[in-house]
Each structure stands twice: as structure tokens, then as C-alpha cells.
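Asks: This is a predicted model, with the sequence first.
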Amino acid sequence: MSERLYSPSAGRNSGPISELLSARIDKDARVLEIASGTGEHAVAVCQKRPDIAWQPSDPNAKSRRSQDARRGECKGQIMPSLPISMIEYEWWAEIGVFDAIFCANMIHIAPWEAALGLAEGAGQLLRSGQSLFLYGPFLEGENTAQSNLDFDQSLQLRNSDWGVRSLDSVKHIFADVGFNLQARIEMPAENRLLVFSKA
């Protein structure tokens, strides 16, 4: 129990996210989660969908221990966490077969190369008709919320490689590897859930 971490944002967002994911993930799917953090999203979705298998991952050892500590909450649905980093060469090699990928709140607190690695890996792992779900804040031109502009500035002050990413840029890197944006869903606190489908 002491290994479990808690995130205020995951606590607030896991309900709305799990509602949408549970309605869109195929029956008996194997889901790969990238940058799983505390593991709270895995539990929230698996409790709604006892048919799916969930593979968490994270480059941070403390986060992986938290994810592993939560496995017992879902009766074997959650696999032992994998030490995956999106900036590693061919990170997708030899990790298994998956039917969907989920990633929340990663690409704005990582270098842009991590977003590129996510897109490239999704292109390698998923088949036609399968989906990648990407959650977080985005810059949307004139429609960008002021809170996301402020958040972008604060991130770049902390680390010049970080920042809220342009929705157009994100759509472009996924289009380059064969994905179409099927849905852009407005979420609490000016976040979005983007649903990309492999063509």
C-alpha cells in the first residue's frame, strides 16, 4: 500500500476519462498505456471493463512501483508495469501485441521527441481500425483557452523542451504514420481527448 502514489489531477480526471474509454475500447482488448504515472487511470478503466487487459508503463521506477501496487484492485487485469520511454530507439520492439494505446498528460512534460516516438510506435503496434487515445491540453490557435496559454508559458520556464503542444502539429505527426483524427472531445479544465484511428 505504501508504494501507491496519488495524483490530484488523475483523481479529478479518471472518472470522465474512464467513462469515455470504456465506451470506445473493443471487447477483450489488450490496452497499452504510455506514461501511466500513479496507475489510477488503469484501475478506473479496468473496474468499468472487466473484459480488458491493461499494460501500464513508465520510465520512472517510483511510478512503476505505484502501478504495480494497484494491480490487485482489478483481479489480474493489470499487467506488471514496463520500463518504456518514448525517446528510446524502437521502444515498441518485443513488448507484445496490443489493440489500443492510451496516453494521458505526457507530451507536454517531455521533449517533442517523445511525441514523435509515441506516434512512430503506435504506427508499428496498431493495425488498421485500431485506436490511440491521447489526453491532455493543446494549443488550438485563436480557440486556445487562456489557461492553456498560461500553462504553456509556465512549462517552458521550467524546461525549454516542454510546452503545451499545437493540435495541428500533433495531428500532423500521427497523419505521417497513418492515423486519422476521428474525435476531439472536450474534457474538464480545458483538456481534450483525441481519438486517432489507424487507416
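Replies: Arrived safely.
Asks: Tell me how far the spatially most central residue of the chain lies from residue 149.
Replies: The geometric centre of the chain, computed from its C-alpha atoms, lies nearest to residue 103 (C-alpha atoms, centre = their mean), at 0.6 Å. Computed as C-beta to C-beta, to the nearest Å, the residue 103 to residue 149 distance reads 23 Å. Using the backbone N, CA and C atoms, a C-beta is placed for each residue, glycine as well.
Asks: swap in residue 131?
Replies: 29 Å.
Asks: How about residue 22?
Replies: Distance from residue 22 to residue 149, by C-beta to C-beta: 32 Å.
Asks: same question, residue 77
Replies: Distance from residue 77 to residue 149, by C-beta to C-beta: 39 Å.
Asks: more neighbours, those two?
Replies: residue 77 (19 against 13; other C-beta atoms under 10 Å).
Asks: Show the contacting residues for that one.
Replies: 46, 50, 52, 53, 54 (C-beta atoms under 8 Å, 6 or more residues apart in numbering).
Asks: please redo it, this time with the cut-off set to 6 Å
Replies: By C-beta atoms under 6 Å, 6 or more residues apart in numbering, residue 77 lies in contact with 46, 53, 54.
Asks: again, but for residue 63
Replies: When contacts are counted by C-beta under 6 Å, 6+ apart, residue 63 touches residue 37.
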